[in-house]
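1. predicted model and sequence follow; I will ask about them next.
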Amino acid sequence: MAKFKKKAQASQDIPTSALPDIIFMLLFFFMVTTVLRETDLLVLQRIPKAEQLKKMEKKSLVSYIYIGKPKDTGRYGSEPRIQVNDVLISPETIVQFVNQEKDKLSEGERDQITMALKVDSEAKMGIVSDVQQQLREANALKVLYSSVPDAGAVP
């Protein structure tokens, strides 16, 4: 009779020699693709609270306009100012800003651009009204007013 040899027990070790390479590739991927902050705020932002909110679906078509008191009151004064991207502007240059933002989009998406106003809750309505008027002149008729959820609101 022939003797059957026992098969050698398979090693249950997991090869980990490629693991550091994979971890560094993932690390570099997330470092390259992650955006930490888009704009550096130069104005104070205490966003008002709201009871009913609706989330935007396509954020690539949204351009933000910040309105509030400047953080550096020594240089910019204490009156509410308008900030777009990383620059403080006057209400008269909003039409130019809207046209620049529309130029960044494709031809079909230009009519769908939404201007989001992030207005400090302490800002006066006069500057907001000026911005609204300039947005009408620039034919940017989709306007979004940003707010945060009210914790005490009953749905």
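-> Yep, it's here.
2. host element of residue 23?
-> When elements are defined using DSSP states H and E, residue 23 is found to belong to helix 19-33.
3. that helix packs against which elements?
-> The contact analysis (3 or more CB pairs under 8 Å, 6 or more residues apart in numbering; DSSP states H and E) places helix 19-33 against no helix or strand. C-beta here means a position set from N, CA and C on the backbone, and glycine is covered the same way.
4. export that helix as CSV, just CAs?
-> What follows is the C-alpha trace of helix 19-33 in CSV, where atoms were taken according to Å, rounded to 0.1, in the frame of the first residue of the first chain:
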residue,chain,number,x,y,z
LEU,A,19,0.7,48.0,2.5
PRO,A,20,2.9,51.2,3.1
ASP,A,21,2.8,51.9,-0.6
ILE,A,22,-1.0,51.7,-0.7
ILE,A,23,-1.3,53.9,2.4
PHE,A,24,0.9,56.6,0.9
MET,A,25,-0.9,56.5,-2.4
LEU,A,26,-4.2,57.1,-0.6
LEU,A,27,-2.7,59.8,1.5
PHE,A,28,-1.4,61.7,-1.6
PHE,A,29,-4.7,61.2,-3.4
PHE,A,30,-6.7,62.8,-0.5
MET,A,31,-4.1,65.6,-0.1
VAL,A,32,-4.4,66.5,-3.7
THR,A,33,-8.2,66.3,-4.1
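5. right, and the helix or strand after that helix?
-> Per DSSP H and E, the first helix or strand lying C-terminal to helix 19-33 is strand 49-50.
6. quick one: mean pLDDT over the helix or strand just after that following strand.
-> Sequence-wise, the next helix or strand downstream of strand 49-50 (DSSP H and E) is strand 62-68. On average, the pLDDT along strand 62-68 is 94.
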